[in-house]
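1. sequence plus predicted model, see below.
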Amino acid sequence: MMDFNSLMILLIAAGLDYLIGDPQSWLHPVQVMGWVITHYTQIFFKYLNQPRILRVAGVFLTLIVVLGSALITALIGYGVQVLVVQFSWNPILSIAVESILLASCFAGRSLRDAAEDVLDWIEQKDLVTARQRLSRYVGRDTETLSESEILRAVLETVTENATDGVMAPLFYALIGLLIPGVGSVPLTFAYKAASTLDSMVGYREAPYKDIGWFSAKLEDVLTWLPCRLTVIMIAILSGKPKSVLTICQRDASFDPSPNAGWSECAYAAALGVQLGGSNSYRGVIKQKPLLGDPQHPITSTTIEQALQLTRYIFLITLGLFTGGFILGHTLD
């Protein structure tokens, strides 16, 4: 059964992400995952570049990174607990370590900081710097984007990553709390590893098409339910649930991603804007499906509203779970 310490770790982690985020001077777990993924793929690209072998290698890569991330963090948590008992250290140390680890899986503050990093330069009418800053966060070409295209790119990044960077990690943190002997940290790290793999190698184009196929499929499956729950909550909070869900059913299925399109479309419908359209990637123009109706132009205020909507969904989900936990223990 979940104890109060486990819940406290989750609440502290959520608070740390909101107040501090990811300090740039710290080694982030995703950086370690990225190092492993990069070196593993380079070895196979160099010595074993046959499609069938790369597909098998992709399965092993996914299992190594996902299961390894869960196992290592579980061992860290267990090891700190053993040290606390062995040397009679303050039990708060164990809570602090697990809280910091879990906080690193939430990207709410990082999303907000990234968006504001670009928006600040738009406010100063410095589009050259805004484009340069934007290139840190998106894969599309940014050198010639207009102000409206920059704003669309920021909003698409904020709304896509609201699911896989904020709500899906929270979902797996809550599931981990409910599974005896697992806990939030290992399960959330397993999801974070799958998400990192997808962002690095989960492409349909060469050179990652074969080695990244399994990680892309796994991330799609793991994100499917958290994404749909997020869409439902956005629809409810928008005050026009029927309209939002109707637009999502109309537009989201045309997006090649089974989750990103739904996440972006839900925000677009709730905010009365349209996402998607033409993007350039390494000089190649790609047409993404249009999501939502262009009732209003995308502005800095629109992006702030999207970020606020994500915060509301996160806090409501966390609050309902905490309330249910306390009520359950009170009734016991």
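-> It's in.
2. show residues contacting the helix or strand bottoming out on mean pLDDT in the chain.
-> Ranked by mean pLDDT, DSSP states H and E, the weakest helix or strand in the chain is helix 29-47, scoring a mean of 88. Contact with helix 29-47 is made by 53-54, 57, 61, 64-65, 68-69, 101, 104-105, 189, 192-193, 196-197, 200-201, 207-208, 211, as judged by CB atoms under 8 Å, 6 or more residues apart in numbering. Where C-beta positions appear, they are placed from N, C-alpha and C, glycine not excepted.
3. just the buried ones from those residues?
-> The neighbour count (16 or more other CB atoms under 10 Å) marks 54, 57, 61, 65, 69, 101, 104-105, 189, 192-193, 196-197, 200-201, 208, 211 as buried among the contacts of helix 29-47.
4. center of the chain - which residue?
-> What sits nearest the mean C-alpha location of the chain, by CA atoms, centre = their mean, is Gly165, with 1.5 Å.
5. need the contact list for it.
-> By CB under 8 Å, 6+ apart, the contact set of Gly165 is Phe106, Ala107, Gly108, Ser110, Leu111, Ser195.
6. right, and Val185 touches Ala74 too?
-> Yes. The pair Val185 / Ala74 is scored as a contact, 7.2 Å apart, by CB atoms under 8 Å.
7. can you pull the phi/psi pair for the residue nearest to the centre of the chain?
-> Backbone torsions for Gly165, taken as degrees, to the nearest 10, come to phi -100, psi -20.
8. next, work out how far apart it and Tyr191 are.
-> 11 Å (CB to CB, to the nearest Å).
9. shouldn't Thr129 be in contact with Ile122?
-> No. Taking contacts as CB under 8 Å, Thr129 lies outside contact range of Ile122: 9.3 Å.
10. which helix is the longest one in this protein?
-> helix 51-86 (DSSP state H).
11. that helix: what's the following helix or strand?
-> Going down the chain from helix 51-86, the next helix or strand is helix 92-103, by DSSP states H and E.
12. quick one: list the elements packing against that following helix.
-> helix 4-19, helix 51-86, helix 184-201 (3 or more CB pairs under 8 Å, 6 or more residues apart in numbering; DSSP states H and E).
13. got a list of contacts for the shortest one?
-> Which is helix 4-19. 95-96, 98-100, 102-103, 105-109, 170, 173-174, 177, 183-185, 311, 314, 318, 322, 325.
14. which of these are buried, as a ChimeraX select command?
-> The ChimeraX selection below is limited to those of the contacts of helix 4-19 classed as buried (16+ other CB under 10 Å):
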select :95,98,99,100,102,103,105,106,107,108,109,170,173,174,177,183,184,185,314,318,325
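15. hmm, back to that, between Thr129 and Ile122, which one's more packed in?
-> Ile122 (21 against 14; other CB atoms under 10 Å).
16. can you count the residues close to the closest residue to that one other than its chain neighbours?
-> By the measure of CB to CB, 6 or more residues apart in numbering, the closest residue to Ile122 outside its immediate chain neighbours is Ala130, 5.0 Å from it. Counted with other CB under 10 Å, the neighbours of Ala130 add up to 24.
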